[in-house]
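Engineer: Sequence and predicted structure, then a few things I'm wondering about:
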Amino acid sequence: MSPALTRRQTCRAAILFACTPMLPHAASGAAATFDLVTADEALREATAPKPARSRAMPPGAASAPVLAPTIQVIAPQGAGNPLSSPLRIEVAFKPPPDARIVPSSFRLLYGVLKIDLTDRVNKHATIRETGVVVSEARVPDGTHRLIVRVADDKGRFGEQELLIRVAAAR
């Protein structure tokens, strides 16, 4: 084979790979259920001291807005309504006009203690520049605060809190 043909085949393979939709790591059909938050983590979070609330900045004290990625919660929907576990969590990322999202910067933190759930969720999630989808995430009954973070290629971070209430199915 000539080197030109090899390069052409390599380009075709790269294009095919780049255009193929990314599948979750558990791509064997139905996603496996996993513990997003363990009962022990929920207990530690429930007994952790809550931080003092910060005061709002006085009028006129705000500085110029800094461009940063935005994070929109797609699922779960229904603010305040109790959900049943396992959950499907989906968030969309939107970079500022001058940047791109860095998928490897995605972090998922839990509660006031900011327990890092990223490694656990990465095994069960589809993570792209456009967002993250997590299926079949088990969460104990109770109210849980998840913090989603992502950065762009300029080093700017966006953060979004997701407050979920889980109740046992009746």
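Structural biologist: Cool, the structure landed.
Engineer: that's a helix at R120, yeah?
Structural biologist: Yes - assessed by DSSP: H, G, I helix; E, B strand; the rest coil, R120 belongs to a helix.
Engineer: residues near the residue nearest to E161 when sequence neighbours are not counted, how many?
Structural biologist: Spatial nearest neighbour of E161, excluding adjacent residues (C-beta to C-beta, 6 or more residues apart in numbering): I147 at 5.6 Å. Where C-beta positions appear, they are placed from N, C-alpha and C, glycine not excepted. Residues lying near I147 (other C-beta atoms under 10 Å) number 17.
Engineer: So I147 lies in a strand, does it not?
Structural biologist: Yes - assessed with three-state DSSP, I147 lies in a strand.
Engineer: Identify the residues contacting it.
Structural biologist: Taking C-beta atoms under 8 Å, 6 or more residues apart in numbering, we find I147 in contact with R107, L108, L109, Y110, K114, E159, Q160, E161, L162.
Engineer: please redo it, this time with the cut-off set to 10 Å
Structural biologist: Residues near I147 by C-beta atoms under 10 Å, 6 or more residues apart in numbering: 71, 107-112, 114, 117, 159-162.
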